[in-house]
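K.L.:
attaching a predicted model along with its sequence, questions to come.
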Amino acid sequence: MKYRQWKKNYKKLHGVNPPLELDKRKQRRLAKKAIKHIDTVSIVEVANRAAEVFTNALASFMRGLGGAFDAAGTASRNIADNVQPIEIKGRVFSWQVREYGSSHYAVYEINALGGADELRAITYSQKAAEKIAEILESDHLEHIRKTSPDRIQRRTDAADSLRAAVITAYESGVLK
């Protein structure tokens, strides 16, 4: 009854109900409602926010992991382009790198006996194709060195005589 009389007297004196700053009972009632509201709504909101933060963190981690695996895959593909298992068939003396389609490079085996050129490897990179041709050439020379070293000597002599002929032609003014 004391509260009711205080509220009535205040209204009589000022013409309006007492403000929240002066009304202790109203403050306590609003505090109880806020606590009940916090218990139900805030726990759900906190759980939702935590789930959202966790999901975003997990998504960022997965994006980073995906980027790392993408980089590793690209590196592996570049390595695979540079080192491919290659089967050498027949006896040939040279290999040539040519464009194959719009985005590939091919290594062709040039037949010394005038036969058709044979495709040996296809890569995405011109440098990789050149490296494959170099490996094929060195493997072939190593094979010839082991099986018939006299052929290497004849080939070296032929290369030296060609080199001497070119130098002579250049010095005489035929080649410029």
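P.N.:
Nice, thanks for sending it over. Numbering: from 1, shown residues only.

K.L.:
how about the strands in the protein?
P.N.:
Listed in chain order, the strands of the chain (DSSP state E) span residues 94-100, 104-110, 118-123.

K.L.:
can you give the contact residues for the first one?
P.N.:
The reference is to strand 94-100. 105-110, 112, 117, 119-120, 122, 126, 129-130, 132-133, 136-137 (CB atoms under 8 Å, 6 or more residues apart in numbering). The C-beta positions use only the backbone N, C-alpha and C, and glycine is treated the same way.

K.L.:
ok, Arg63 to Thr74 distance?
P.N.:
The span separating Arg63 from Thr74 equals 16 Å under the rule CB to CB, to the nearest Å.

K.L.:
now Tyr10: closest residue in space that isn't a chain neighbour?
P.N.:
Using CB to CB, 6 or more residues apart in numbering and skipping residues adjacent in sequence, the residue nearest Tyr10 is Pro18, 4.6 Å away.

K.L.:
torsion angles phi and psi at the one you found?
P.N.:
In terms of degrees, to the nearest 10, the main-chain angles of Pro18 are phi -60, psi 150.

K.L.:
how many neighbours does it have?
P.N.:
The number of residues packed near Pro18 is 17, by other CB atoms under 10 Å.

K.L.:
shouldn't Glu118 be in contact with Val107?
P.N.:
No - using CB atoms under 8 Å, Glu118 is not in contact with Val107; the gap is 9.8 Å.

K.L.:
relative to strand 118-123, how tilted is the longest helix seen in the chain?
P.N.:
Taking DSSP state H as the criterion, the chain has its longest helix at helix 43-82. Here the directions of helix 43-82 and strand 118-123 differ by 150 degrees (axes from the mean of the first three to the mean of the last three CA atoms, to 10 degrees).

K.L.:
let's have the chain start at 451 instead
P.N.:
Sounds good: first residue 451 from here, last item helix 493-532.

K.L.:
what would the strands of the chain look like in CSV with mean neighbour count, distance to Glu495 and mean pLDDT?
P.N.:
Putting the strands of the chain into CSV (neighbours: other CB atoms under 10 Å; distance: least, CB to CB, whole Å; pLDDT from 0 to 100) gives the following:
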stretch, mean neighbour count, distance to Glu495, mean pLDDT
strand 544-550, 16, 61, 84
strand 554-560, 20, 56, 87
strand 568-573, 18, 56, 86
